[in-house]
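Novice: This is a predicted model, with the sequence first.
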Amino acid sequence: MVGVPRSTGCRLCRTRKVKCDTLKPSCGNCIKYGAECPGYSRGLKFVDEKHQIRQRGRRQGKSEQVSTSSSSSTTGSDIAISDSETWSLVRPSPTLLRLELPRGPLLLNMIESSTNYTRSTDVFILLSWLNIDRLGKRALLDGAICSFALHLTGKANSNADLVAKSRTIYGLALTELQAALQHSTEWKASETLCAAILLCYFELFAGTAVPDTWIQHAKGIGTLMEQRGPAAHAEGWDAAMLLSCRGILVCPTFLLDYCNKAKDKELALSPGQVTELCECLPTISDMFYPGKDQLFLSRPAWRHVTSDGGRRLIYAPDAPIEHIRVGDGFLANLAQLTPILHGAYLLREANKAGMFVEPDKISALAHLATVEHARFARWFDDFDVLEFPRPVEVLPTDPANSLFGTVLEHKSAAAGSLLLGYWASMLILEETLVECGTPRANSEISIRYFVERILRSVESVGRGTMGPYRIGFAIRIVYEFATGQEQRWIASMLDKFSQGYAAIDKKTYPKPKDDDAQPTRFVQSTA
């Protein structure tokens, strides 16, 4: 719009918004304060007014309606959102904005409506903590859940078009996530954290050009949570998100993958490098944050928010409290395992290179491993008294390609996953004590027992869409203790699993061993 200013005062008085006496050549105010009077010329005034865009066929009244969304409990991110758009930090994408509100129920229905993803399936359980009230209002969160849901549905129905669309939306959502993380307030919004977790799940299942993308993404989620602080994850939706992704935060696959790459390339540490590693041996570190600090989830300030404690934020309302405590206890023990993995890997490399390591450092590592071994043993005692169907021996579904005459059938996939994680953890601890020169009695027998229990459980616990997710940690650990024949069998299983779960791709594994004479006793530890 173009208009003429109504004030007759000089330009300086108009700017200062004071009464002008309109004296010429200089007004009284300018003379009084010694300012040069700019004169009384009346310039044109330009007012910028944006066009209001409305969709064809819709009444203007509807396009002007505004609905307010409930904000994150930790950021106060209340933002008025128009019915005709989704709030976005970057240029709105037609792909993400194609669906109009209410999109929340529609997005959730994408998962529930599929015959393969009803409330009784493990995929829905994985996403049961999603807050439907937060869906349909931000392009970032909508894009993240849409990409993941489309991928799962496309894979289940062998629909390549849906899978391709899921990747397109995934790329758009990543752009939104980058913008949100660079925003002064949105980086700590609950919706931003939720989208980051969902996109990491997408990378776990769908995969990207780089096999370890999800690992880097998980590292970023950990950093984001650490920056938000424990108070931001104490209650409600934020607490549920933290509890839901504890596994990918403490999973040692990151450094296992790192070690494998070095091994595949036949890289060897020089004596100087080994000496440097030995000097770092007593460091309490973890695979995501190298240094003197512990994994942030293990710090005292975080321990009270990393357990459900009976709140049932991610568990069914009727879940027994004993089951919840056992689940919390396992993940707490797994977090405490990371510094032991770190030290054991360094010690193993030093032993292989024939380097001297100070006895007190080895003794400190052995003490940590012994304490953690006792912790896991107590955890198993608590687990063993729970009422759940025990694994039973059954014939394998494919006897011709099975390594064993009978396999273990786990009626409870959740219990089976915990057992596999326990056996894998005990493998690491047993071998750590061997590397320290303080093996437990009958350690070779124990190691072989754990190896066979894991391998005989892969067929059962690995079933379903979430099967590879449940066995990923255990199968990666047991691979290092298996014989060459067992490693080749594991590789054949990985070919099947990776079709629906990219994070378990055998490309990140070392080549199978040629020598089948003796079972491998090798701790693949964190670095």
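Specialist: Done, it's in. Numbering: from 1, shown residues only.
Novice: What residues of the helix or strand hosting residue 372 count as buried?
Specialist: Here residue 372, judged by DSSP states H and E, is contained in helix 359-384. Within helix 359-384, the residues that qualify as buried are 361-362, 364-366, 368-370, 372-373, 375-376, 379-380, 383, counting by 16 or more other CB atoms under 10 Å. From N, CA and C alone the C-beta is placed, and that goes for glycine too.
Novice: and of these, the nearest to residue 336?
Specialist: Nearest to residue 336 among the buried residues of helix 359-384: residue 372, at 6.0 Å, using CB to CB.
Novice: Against residue 344, how distant is the closest one?
Specialist: In this view, residue 372 and residue 344 are 11 Å apart by CB to CB, to the nearest Å.
Novice: and residue 338, how far is that from residue 222?
Specialist: With distances taken as CB to CB, residue 338 is found 12 Å from residue 222.
Novice: more crowded one of the two?
Specialist: Per other CB atoms under 10 Å, whichever of residue 338 and residue 222 has more neighbours is residue 338, with 26 against 20.
Novice: chain center to the longest helix anywhere in the chain, what's the gap?
Specialist: Longest helix in the chain, counting residues (DSSP state H): helix 321-352. Distance of helix 321-352 from the chain centroid (CA atoms, centre = their mean, to the nearest Å) equals 18 Å.
Novice: how about the nearest residue to residue 418, chain neighbours excluded?
Specialist: With CB to CB, 6 or more residues apart in numbering as the criterion, residue 418 has its nearest non-adjacent residue at 5.6 Å, and that residue is residue 330.
Novice: show me the contacts for that neighbour.
Specialist: By CB atoms under 8 Å, 6 or more residues apart in numbering, residue 330 lies in contact with 379, 383, 418, 421-422.
Novice: okay, now residue 19: neighbour count?
Specialist: Counted with other CB under 10 Å, the neighbours of residue 19 add up to 12.
Novice: For residue 13, see how far away it is.
Specialist: Residue 19 is 7 Å from residue 13, by CB to CB.
Novice: repeat for residue 36
Specialist: According to CB to CB, residue 36 and residue 13 sit 13 Å apart.
Novice: Could you do residue 358 as well?
Specialist: From residue 358 across to residue 13, the span is 82 Å (CB to CB).
Novice: So for the two, which residue has more residues nearby?
Specialist: Neighbour count, other CB under 10 Å: between residue 358 and residue 13, residue 13 has more, with 23 against 12.
Novice: what mean pLDDT does the strand or helix carrying that one have?
Specialist: Assigned by DSSP H and E, residue 13 falls within helix 11-16. Mean pLDDT, taken over the full extent of helix 11-16, equals 81.
Novice: same check, this time on stretch 148-167
Specialist: The average pLDDT within stretch 148-167 is 88.
Novice: just how off-centre is that stretch within its chain?
Specialist: 21 Å.
Novice: This structure: strands as residue ranges?
Specialist: Secondary structure of the chain by DSSP state E: the strands cover 2-3, 45-46, 66-68, 80-82, 392-394, 407-409.
Novice: And for the spatially closest residue to residue 14 that is not a sequence neighbour, the neighbour number?
Specialist: The shortest distance from residue 14 to any non-neighbouring residue, by CB to CB, 6+ apart, is to residue 7 (5.0 Å). Residues within reach of residue 7, counting by other CB under 10 Å, total 14.
Novice: just residue 205 next, same as before
Specialist: Using other CB under 10 Å, residue 205 has 21 other residues around it.
Novice: Offset the numbering so it begins at 2, please.
Specialist: Will do, 2 is the new start, and the previous item becomes residue 206.
Novice: And the pLDDT for it?
Specialist: If you check residue 206, the pLDDT there is 88.
Novice: check contacts around it.
Specialist: Neighbouring residues of residue 206 by CB under 8 Å, 6+ apart: 149, 152-153, 156, 501-504.
Novice: how about the nearest residue to residue 460, chain neighbours excluded?
Specialist: residue 408 (5.2 Å).
Novice: Please point out which parts of stretch 479-487 sit buried.
Specialist: Those would be 479-485, 487, for stretch 479-487 by 16+ other CB under 10 Å.
Novice: Most widely separated two among those?
Specialist: 479 and 485 (13.7 Å).
Novice: In stretch 169-182, which residues are buried?
Specialist: Per 16+ other CB under 10 Å, stretch 169-182 contains these buried residues: 170-171, 173-178, 180-181.
Novice: now stretch 401-416
Specialist: 403-404, 408-411, 414-416.
Novice: and if you look at stretch 347-362?
Specialist: Applying a neighbour-count criterion of 16+ other CB under 10 Å, one finds 347-351, 354, 356, 358, 362 buried in stretch 347-362.
Novice: what does stretch 493-513 give?
Specialist: Within stretch 493-513, the residues scored as buried using 16+ other CB under 10 Å are 494-495, 498-499, 501-505, 507, 509-511, 513.
Novice: now, among these, which is nearest to residue 161?
Specialist: If you rank those by distance to residue 161 using CB to CB, residue 501 comes first, at 14.0 Å.
Novice: Ignoring the adjacent residues along the chain, who's closest to the closest one?
Specialist: residue 156 (5.5 Å).
Novice: any idea how far that neighbour lies from residue 134?
Specialist: Taking CB to CB, one finds residue 156 at 28 Å from residue 134.
Novice: And residue 221, by the same measure?
Specialist: Separation of residue 221 from residue 134 (CB to CB) stands at 26 Å.
Novice: More neighbours: those two, which one.
Specialist: Applying other CB under 10 Å to residue 221 and residue 134 shows that residue 221 carries more neighbours, namely 16 against 11.
Novice: Could you find the closest non-adjacent residue to the more buried one?
Specialist: With sequence-adjacent residues excluded and distances taken as CB to CB, 6+ apart, residue 221 is closest to residue 197, at 6.9 Å.
Novice: Make sure that neighbour is actually in contact with residue 178.
Specialist: Yes. If you go by CB atoms under 8 Å, residue 197 and residue 178 touch, sitting 6.1 Å apart.
Novice: Find residues that contact each of those two.
Specialist: Listed as contacting both residue 197 and residue 178 by CB under 8 Å, 6+ apart are residue 145.
Novice: Would you mind measuring the gap between the ends of stretch 498-505?
Specialist: End-to-end distance for stretch 498-505: 7 Å, by CA to CA, to the nearest Å.
Novice: Please state the offset of it from the chain centre?
Specialist: Put simply, stretch 498-505 sits 16 Å off its chain's centre (CA atoms, centre = their mean).
Novice: Which residues does that stretch contact?
Specialist: Under CB under 8 Å, 6+ apart, the answer for stretch 498-505 is 156, 204-209, 212, 215, 254, 463, 466, 468-470, 472-473, 476, 495, 506-507.
Novice: Now, those that are in helices?
Specialist: Among the contacts of stretch 498-505, the ones falling in helices (DSSP H) are 156, 204-207, 215, 254, 468-470, 472-473, 476, 495.
Novice: Considering those, which possesses the most neighbours?
Specialist: Looking at those with neighbours defined as other CB under 10 Å, the largest count falls to residue 472 at 29 neighbours.
Novice: Test my guess that it contacts residue 459.
Specialist: Yes. Contact status for residue 472 versus residue 459: in contact at 5.9 Å, counting by CB under 8 Å.
Novice: coming back round to it: so which of the buried residues of stretch 479-487 is the closest to residue 162?
Specialist: Nearest to residue 162 among those: residue 480, at 35.3 Å, using CB to CB.
Novice: how much space is there between the closest one and residue 363?
Specialist: Distance of residue 480 to residue 363, given as CB to CB: 26 Å.
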